[in-house]
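1. Got a predicted model here, sequence first, then my questions.
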Amino acid sequence: MSENTRPGGATAAPRPRRTARWIAAATLSIGLTLSGCAGGTTSSATGTSSAASSAAAVAGTTSTVDATTTAATITDTAAAAEAFLATLSEEQREQVLYDYDDETKTTSWSNFPVTFVERAGLNLADLTEEQQVAAMEVLEALLSDEGYATVTGIMAGDQYLLDNSSSTEESLGQYYIALFGEPSDTSAFEVQFGGHHLGINATLDGSTDAITFAPTHLGVQPAVYTNEDGEEVQPFGTIYETAFAFYDSLTEEQQAALYQGESLAAMVCAPGSTCSYPTGTGLSGADLTDEQKQLLLDVIANWVGLADEETTATALAEIEATLDETYVNWSGATVYDMTQGDGIYFQISGPKAYVEFAAQQGSAGADVDGVTTSGWGHVHTIYRDPTNDYAGSATQQESTGMGGGMGGGTPPGGGTPPEGAPTQDS
C-alpha cells in the first residue's frame, strides 16, 4: 500500500474538451454512447435507470444485480475494486492507493472544479477504455440502481454543459477515483470518487458489516436537461419531490417555525471544509407527527440511501432515533415551480445527520439557451454524520486550493412564508 501525498493547493492541469467524452463510454447503466454525446441518464424526476441493456452492449459487459445486504455490497465492491486495480500499471496503482487513515481523503474532494482543488487518485480521462469501464464498475457495485442513476445523471449533466454551454471551464467532465486502504471484504477501505458536482466518500468495513457515505457531496447543473434521444433527465427529481412533500405536510404554524425568509442562505458546512454542525434553528423534530418524521427521513434517504436496502435501513434507524433532537430550516421558494424564484435552501441538523441543500445564485458562465443553470438549476448539497465522518478513520482538514466550498454564512432571520411565494421570476 502506498503512502501517497499531494501538494496542497496544486492546480490540476486542464484537459482538452474532447477527453471529457470518456464519460459517455464509462457510464454503463444509463445508455451513454461511445461517441461522447451527453446521453440519457435517468428517467424524468425519478432517478431510475433507463437503458442498461443498451449500455451493457456498448461496454461489452452485463449489468450487475443490485445487492440487498450490506455484506453483499462490501463483497461486490471489494471484488470490483480489485478487478479495477488489476487493469492498472504499478505506477497507476501507486497513484490510486492510499493508506486507510491518510488525511488526504479529507482534503481532496470539493464542490469546486478540479482545476481549483486537486483530487486524489487517477483522472479517468487519463485511463484506457478498459480501465474506465472497470473504474465505473466499482461505482456500480457500490450503489443501488437508483443511486447509480443519480450519480451518473450528475456526471452527464456536467458533460451536457461542456457540450452545449458557454462555459470555458475545461475541467467539466473530469472525474477521479482513489482508494484508501486495500479493498477487502474483511477489513475497512474507502472509495472516493468525484469531480466538480460530485464527491463520494464511501467507507466499507467488512469486519463490522458497515457502510457510510458520510461525508458526500451531490451537486447538479443543470437540474433538468434533454439527452440526445429527446428524453428529459432530472437527477435531483426525487430530492426535490421528497423535500416538497415534507414541506407541504406541515401546518402553517410549523412552516412559520421552519421558514427563514425569501433570501437563500449560503452553505454553512460546505464540501471539503470543517464544520461546527449548527443546530437549533428552525423546526424541531420533536414537533413533527410520525407521518412528518417519515417524510423527513425520506428526504435524508436521498444521501444515506445510495447503496443497498440494509445499509439504508440501518442508517435511517440511527437517524430516526435522534429525530427529536434534529432541527430543519428552509428558505427561498415554498412552491415546487422552477419557473419562479431562485430556488430553495434547506438544512437538516441533528446528532446523526447533517444535510444542506443550497441553490447556487450563479451559472458560472455555464449558460444554455432555454435551460435553467442557476438557482433551481444549480445546486450543491452536503451530507455528513457529526459522529462518524470517514467512519472515524480521519479528522476533516481544510480542503486544498480555494478551500472547501462556496463560502460560509448563516441562515437569515426567521419569518412566516410570504403569501404566494415565490415572488421573483428566475
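-> Perfect, I can see it now. Numbering: from 1, shown residues only.

2. Need phi/psi at the closest residue to Gln254 other than its chain neighbours.
-> Nearest non-adjacent residue to Gln254, counting by Cβ to Cβ, 6 or more residues apart in numbering: Leu283, 5.7 Å away. No exception for glycine: its C-beta is placed from N, CA and C like everyone else's. With angles defined as degrees, to the nearest 10, Leu283 sits at phi -100, psi 130.

3. Asn111 contacts Gly199, correct?
-> Yes: assessed by Cβ atoms under 8 Å, Asn111 is found in contact with Gly199 at 7.1 Å.

4. quick one, which of those two is more surrounded?
-> Asn111 (29 against 26; other Cβ atoms under 10 Å).

5. ok, now how distant is Ala120 from Ala391?
-> The gap separating Ala120 from Ala391 is 17 Å, by Cβ to Cβ, to the nearest Å.

6. neighbour-wise, which of those two wins?
-> Under the criterion of other Cβ under 10 Å, the comparison of Ala120 against Ala391 puts Ala120 first, with 24 against 20.

7. who are the neighbours in contact with Val114?
-> 12, 123, 171, 174, 176, 195-196 (Cβ atoms under 8 Å, 6 or more residues apart in numbering).

8. taking these one by one, which sit in strands?
-> 123, 176, 195 (DSSP state E).

9. What is the neighbour count of the last one?
-> Just to be clear, that refers to Gly195. Other residues near Gly195 come to 26 when the count uses other Cβ under 10 Å.

10. what's the closest of the ones in strands among the contacts of Val114 to Leu258?
-> Leu258 lies nearest to Gly195 out of the ones in strands among the contacts of Val114, by Cβ to Cβ, at 32.9 Å.

11. need the contact list for the residue nearest to the closest one when sequence neighbours are not counted.
-> Distances taken as Cβ to Cβ, 6+ apart put Tyr175 closest to Gly195, at 4.2 Å, once the chain neighbours are dropped. Taking Cβ under 8 Å, 6+ apart as the contact definition, Tyr175 lies against 23, 123-125, 155, 193-195, 198.

12. Turn these into CSV, columns for pLDDT and distance to Ala307.
-> Listed next are those as CSV, based on pLDDT from 0 to 100; distance: Cβ to Cβ, whole Å:
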residue, pLDDT, distance to Ala307
Ile23, 55, 22
Asn123, 97, 25
Leu124, 97, 21
Ala125, 94, 26
Met155, 94, 18
Phe193, 98, 13
Gly194, 94, 16
Gly195, 92, 20
Leu198, 96, 16
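
13. longest helix anywhere in the protein?
-> Secondary structure of the chain per DSSP state H: the longest helix is helix 145-164.

14. From the contact counts, what lies against that helix?
-> Helix 145-164 sits against helix 22-26, helix 129-142, strand 198-205, strand 217-220, strand 232-233, with contacts defined as 3 or more Cβ pairs under 8 Å, 6 or more residues apart in numbering; DSSP states H and E.

15. switch to 7 Å and redo it
-> Under the contact criterion of 3 or more Cβ pairs under 7 Å, 6 or more residues apart in numbering; DSSP states H and E, helix 145-164 touches helix 22-26, helix 129-142, strand 198-205, strand 217-220.
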